[in-house]
Structure formats: C-alpha cells, structure tokens
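K.L.:
just a sequence and a predicted model for now, questions to come.
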Amino acid sequence: MAEDNIELNQNIPKKADIDFSRLENLVLTENDETYKIERDRFIKERLSFLINNSQIKDLTPFSFPYQGFIHPESEVKPTLTVFEGFKINDDSVYSNLLDSIRAHIRFDTWRNQGIRFINQYAILRTISEYFGNYLADSQTEAQREYFYMKYSTIDSDPISIKDFKKRGISMCVEKAALAQNLLSFLGYDSLYCTGKECELIPGETGLHAFNIITTENGKFIFDPTNPSIEYDSEGNIINYHPASYLLSDEQYDILISGGKIEVVHNDYQNNSDSSRLPMPSIRKYGGLNFPKTT
C-alpha cells in the first residue's frame, strides 16, 4: 500500500490536534506584555507535548516521506556528501511564528479570512525572515555548499538551525524541514518529503524537499522554497504568496507510491490598470519511492 511508504513519527489525528480558538484568542491579546507571557507559556506546553510524542529519527534525502514533528535531536541531512546535517533546535522560531500570525490577524482584512488561511502566510513569512531569503538561486546554492563544507567535518557535531539564521543561504531541505515543524506545531497533519524527480524549471529534474498537508479540505503540496511571486507592471517583485497545490486522491496515491504528478503554478503580473494577471506554469513533483532507512 502507498501509505506503507510513510515514516510515522507519532499517532497524529486527521484533524488538527490544537485548539484554534485558544490560539486565536492568544494572538488577539491586546496587551503586549500579557501576550508575550501567554505566548511563551503556550510554546512551552506545545513543544513539551510534541517532543514527548516524537522520537529521534535522522532523515536523509533517501528517507521515505516523514509524518509528524521532527525531534530537535534528529539530524536532517541535505545530501549524502556532507558529514553532518542540521538540527531544528531553535525554540525562538515558534515565537516568530506566533508573532507573525498576530501581526496578520490584527488587520481586519486578514482577520476576516480566518486563522487557518493566515497560517500559511505566517509560515512562509516566518521561514523566509528567519533564514533571510524568500528565494534561492545559483549563488545561494554555492554559498550554501561552502557553508556545509566549512561546518561539516568527520569529527564535527550536527549544525544547529541557528547557524543558518539570517545568512540567506537556505534552500529546500532547510526550509521544508522547518516548515514541517511549524506545521506540526500548529496541529497540521503534514509530511516532510524529498522527491528525486521534481521539475520546477522545465528541463531541470532533481532532488527537492517539500511538504504535503492533510486538512479537512483535502491534501495539499506546500512548497516553502518556491513561493508564488507577484510582479508590478515593470517586472519588479513586489510580494510573495504561499505555493500551495490541491491534490486529488489519485495524485496523492501516485506521489506516495513514487510516481510523478503535474500541478499548475501561478505567478502574478500587476498591470498598470490595476488588473492582476495570472502567469501559469507547470511544476512536477515526484520520485518518493526510496528504500526505507534504518
């Protein structure tokens, strides 16, 4: 069965295991000092629950899709050519996440959308601001490779995610792994996936890390590394939006079984007449049929 190809970290309910009304009341707290006290209490309780219900499980590019919270002592390796990977062991990122949700929901236009809608924007913003980059390019990749060569040796310890902070060198593995824990923190049933046959740029196929989220509205690919880009009439980037793609049951089964699927990705062009024109392209995700690691 396709579901046998998933590494299960904890028994996660199909619906969010978090009280969204409590979360919403928390981020709507008006007094800043009261908010910080309640925020820190909430984070301490939530992380205690997640850590106690997870296990130390190292992840490599050849691991099966991984469900649940990645333990802070787990090691995530970006490739098999580096000696050490990284640990998601910085609790401050959860404060950043709640602060981002709070910043959004305090505006009426966002509050009317609901906290579940806001969450995906808050996660994208948290990840991008934490690492210091929304997008990655060939220069980013070169700087990242140098970073791993410098910090990863035979006798070195795993790198802390803190060492990536604000460097602007993070790519799909770091972003999707952190997204996995932010999603789990917010109670979502999420998979951390690495596909060996992903094609985000036509003609360029390779390894790529992303997330699959199960909600009451269906299953979605969430790609925090490659957001939807909004351009002004002169072609300048003016905004970023979450890259999220609804999957049919058939598409999900194909993905989990190791096949490849196509999704339509939209960037947007804002024209001088204030119209917003979609700029569709095809992205391909797949290749999750890796041998199970021990």
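P.N.:
Received the coordinates, thanks. Since the structure is predicted, the reported quantities are computational estimates derived from the model, not experimental observations.
K.L.:
please report how far Gln143 lies from Tyr130.
P.N.:
Distance, Gln143 to Tyr130, using CB to CB, to the nearest Å: 17 Å. For glycine as for every other residue, the C-beta is placed from the backbone atoms N, C-alpha and C.
K.L.:
and for Asp90, the neighbour number?
P.N.:
Counted with other CB atoms under 10 Å, residues neighbouring Asp90 total 18.
K.L.:
for the one 10 residues further on, same thing?
P.N.:
The burial count assigned to Ser100 is 22, neighbours taken as other CB under 10 Å.
K.L.:
and after whichever strand or helix holds it, which helix or strand comes next?
P.N.:
Here Ser100 sits within helix 92-105, counting by DSSP states H and E. Once the chain leaves helix 92-105, the next helix or strand it forms, by DSSP H and E, is helix 108-111.
K.L.:
which residues belonging to that following helix are considered buried?
P.N.:
For helix 108-111, burial by neighbour count (16 or more other CB atoms under 10 Å) applies to Trp110.
K.L.:
what separates it from the chain centre, distance-wise?
P.N.:
Centroid separation between helix 108-111 and its chain, computed with CA atoms, centre = their mean, to the nearest Å, is 23 Å.
K.L.:
just want the angle from the following helix or strand past it to helix 92-105.
P.N.:
Next in sequence after helix 108-111, counting helices and strands by DSSP H and E, comes helix 115-131. With axes from the mean of the first three to the mean of the last three CA atoms, to 10 degrees as the basis, helix 115-131 and helix 92-105 are set at 130 degrees to each other.
K.L.:
ok, and what's touching helix 115-131?
P.N.:
20, 23-24, 27, 93, 96-97, 100-101, 104-105, 110, 134, 164-170, 174-175, 178-179, 182-183, 186, 215, 222, 224, 227, 240-242, 244 (CB atoms under 8 Å, 6 or more residues apart in numbering).
K.L.:
buried sites along it?
P.N.:
Buried residues in helix 115-131, counted by 16+ other CB under 10 Å: 115, 118-128, 130-131.
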